[in-house]
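Participant: A predicted structure for the sequence below; I have some questions about it.
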Amino acid sequence: MSLPDVLKRGDDFLAEYPRRSVLWNLASHGTCLFTVGVSKLILNAFYNVKLNNYENLEHAIERSSLENRGLMTVMNHMSVVDDPFLWGVFPWKMYRKMENIRWCLGAQNVCFQNKFFSTFFSLGQVLSTRRFGGGPFQGSIDASIRLLSPDDTLDLEWIPHREEPSKPAKPSNLEVAFQNAKKEYLPPVARTKPSWVHVYPEGFVLQLHSPYANSMRYFKWGITRLILETTVPPIVVPMFATGFEKIAPESAAGTLIERYLPQNFGAEINVTVGDPIDDKIIESYRAEWKQLVEKYHDPQNPTDLTMELKVGQEAQDLRSRLAAELRTHVAFVRHEQRGFEKEDERFASPFWWKTYTQSEGSSDPDVRFIGKNWAIRRLQKFLQEEERIQNELNELNHPPKD
């Protein structure tokens with residue numbers, strides 16, 4: 001279940017571009033088709049592409065329309081070319097309608113570093129996401145919640161608990177205000193059904209040397225908001241892919257030529273679509289979330305998340321368990337349907353990864369990255385530049401005293 005202010009922030013984020021414009025939508029569809037076409041050309045010409053269980057995704061797209069529910073796909077992140085090359089694997093018929101083209105989250109410092117990139121990736125239905133310091137409560141997450149929520153279910157689905165009156169009560173000011181706003185509401189995205197949002201919950205590319213190849217990081221909490229806070233529970237489909245790391249190995253990161261040229265021609269690109277997660281599992285977590293909202297809402301401001309709902313221990317525990325649940329389903333596709341050996345148990349632990357990253361790998365030297373662990377802050381040059389600018393601003397605003 002969602003709260004009105006979350007949906008409003010999602011609307012505001014999406015409205016930063018003219019997504020209701022006919023010209024924008026034509027340009028957006030053209031951008032997506034062009035990108036898919038280039039991806040298909042490269043994959044089919046130089047690689048051995050295998051797609052398993054596509055019918056699971058096809059049926060999920062159909063259900064999304066028939067049941068008026070959003071679609072959320074969850075996949076491992078092995079390469080900087082996972083997106084867009086992933087979309088070159090699926091058949092052309094999937095992209096006939098603009099509404100069937102996925103939305104996804106893209107790193108702000110990579111995909112939105114200048115006006116040209118920002119426009120291109122926005123046309124490609126990518127939402128700018130800040131990886132360091134942004135956390136799970138930022139515009140792209142709110143926008144994803146909004147995209148996964150059907151337009152005709154944006155009424156206030158939860159009202160603070162109150163005693164049932166002996167006679168019919170008049171609508172509260174909150175209810176009246178929301179109903180009036182609903183009558184004048186114009187969605188920021190023109191569509192006839194809920195959207196599809198694809199996520200890479202690890203947040204960073206992961207390529208490890210053997211024997212840990214094709215393993216995953218822990219899943220971050222931000223994506224759990226897309227399940228807990230949509231007005232209607234989304235259909236959730238796990239996926240697992242390998243081979244994209246052969247096209248763009250992290251060992252080439254930092255080079256001027258190799259980084260941008262496909263490598264390892266003839267390698268197998270394998271994408272496997274898992275079974276949708278049982279709706280009962282999704283509903284059980286959403287029921288817990290609804291109880292927390294009832295318990296920790298602010299009567300003075302009932303339309304937004306309170307600090308307890310953001311960073312309280314119970315809310316954090318719920319998000320942590322749901323993130324682990326999602327990872328378990330992707331891992332099932334990995335080792336049950338793809339036949340890989342089960343991962344090292346350490347890799348499912350957020351605490352292990354944080355310790356490993358903070359120690360820059362020295363805590364467990366047997367785990368070796370191909371390339372770099374981009375979760376290490378000092379490797380992110382854009383952060384250093386931001387800190388430099390902030391320090392200069394601080395000096396201007398607070399000059400040293402003589």
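Facilitator: In hand now; what should we look at? In this text the structure is predicted, and so the values were computed from the model without any measurement. Residues are numbered from 1 along each chain as shown.
Participant: tally of neighbours for G133?
Facilitator: By the measure other Cβ atoms under 10 Å, the count of residues near G133 is 9. Glycine gets a C-beta too; all of them are placed from N, C-alpha and C.
Participant: got a pLDDT number for it?
Facilitator: Looking at G133, its pLDDT stands at 81.
Participant: next one: phi and psi at it?
Facilitator: phi 90, psi -10 (degrees, to the nearest 10).
Participant: what of V237?
Facilitator: Dihedral angles for V237 - degrees, to the nearest 10 - are phi -120, psi 120.
Participant: kindly report the same for the one 5 residues further on.
Facilitator: According to degrees, to the nearest 10, the main-chain angles of T242 amount to phi -140, psi 160.
Participant: what do you get for I235?
Facilitator: Dihedral angles for I235 - degrees, to the nearest 10 - are phi -80, psi 130.
Participant: for K372, same thing?
Facilitator: phi -120, psi 160.
Participant: how much space between the nearest residue to it once chain neighbours are set aside and E250?
Facilitator: Nearest in space to K372, with sequence neighbours left out and distances taken as Cβ to Cβ, 6 or more residues apart in numbering, is L379 at 5.7 Å. L379 sits 12 Å away from E250, going by Cβ to Cβ, to the nearest Å.
Participant: what do those two both touch?
Facilitator: K372 (Cβ atoms under 8 Å, 6 or more residues apart in numbering).
Participant: who's more crowded, those two?
Facilitator: E250 (21 against 13).
Participant: which stretches of this protein form strands?
Facilitator: 48-52, 71-75, 103-107, 126-129, 196-199, 235-242, 268-273 (DSSP state E).
Participant: switch those over to JSON lines; also include distance to F332, mean pLDDT and mean neighbour count.
Facilitator: JSON lines is the format used below for the strands of the chain (distance: least, Cβ to Cβ, whole Å; pLDDT from 0 to 100; neighbours: other Cβ atoms under 10 Å):
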{"stretch": "strand 48-52", "distance to F332": "14", "mean pLDDT": "97", "mean neighbour count": "15"}
{"stretch": "strand 71-75", "distance to F332": "12", "mean pLDDT": "98", "mean neighbour count": "26"}
{"stretch": "strand 103-107", "distance to F332": "22", "mean pLDDT": "95", "mean neighbour count": "23"}
{"stretch": "strand 126-129", "distance to F332": "26", "mean pLDDT": "96", "mean neighbour count": "24"}
{"stretch": "strand 196-199", "distance to F332": "17", "mean pLDDT": "98", "mean neighbour count": "24"}
{"stretch": "strand 235-242", "distance to F332": "7", "mean pLDDT": "98", "mean neighbour count": "24"}
{"stretch": "strand 268-273", "distance to F332": "11", "mean pLDDT": "98", "mean neighbour count": "20"}
